[in-house]
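K.L.:
coordinates only, sequence not included:
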């Protein structure tokens, strides 16, 4: 059974915002994901998106992330589970991506 999709927005101790996500990001919840991204980036030009607990990211989720990179400095932290899809999609070329185990 997949982990439920959740979002949590917090302020980072060093400043800025961190959006922490869990579960799967796909067409069934991409609107919630986009809304969370928009809320995170509202009023700031940079943010950290923590995908370390995301188990699946489909093309609609990738498209949402790409949409944020044009006008914002996006830092993405992800597990090795998502490393390949982030690299192959080209997201690592337009955002700062850190892979953790």
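P.N.:
Looks like it came in fine. The structure presented is a predicted model; accordingly, all values stated were derived computationally and were not measured.
K.L.:
how about low-confidence regions in this protein?
P.N.:
Along the chain, the model assigns pLDDT under 70 to residues 1.
K.L.:
for it, what spans make up the helices?
P.N.:
Assigned helices in the chain, in chain order: 30-41, 59-69, 80-89, 91-94 (criterion: DSSP state H).
K.L.:
quickly list what the residue lying closest to residue 53 once chain neighbours are set aside is bridged to.
P.N.:
On the basis of CB to CB, 6 or more residues apart in numbering, the spatially nearest residue to residue 53 that is not a chain neighbour turns out to be residue 22, at 4.1 Å. All C-beta spots, glycine's among them, are computed from the backbone N, C-alpha and C. Partner residues in beta bridges with residue 22: residue 6, residue 53, with DSSP bridges as the criterion.
K.L.:
how far away is residue 39 from residue 32?
P.N.:
11 Å (CB to CB, to the nearest Å).
K.L.:
redo the helices of the chain as CSV? Include mean neighbour count and distance to residue 14.
P.N.:
Supplementary listing: the helices of the chain in CSV, determined by neighbours: other CB atoms under 10 Å; distance: least, CB to CB, whole Å:
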stretch, mean neighbour count, distance to residue 14
helix 30-41, 17, 16
helix 59-69, 17, 20
helix 80-89, 15, 24
helix 91-94, 14, 23
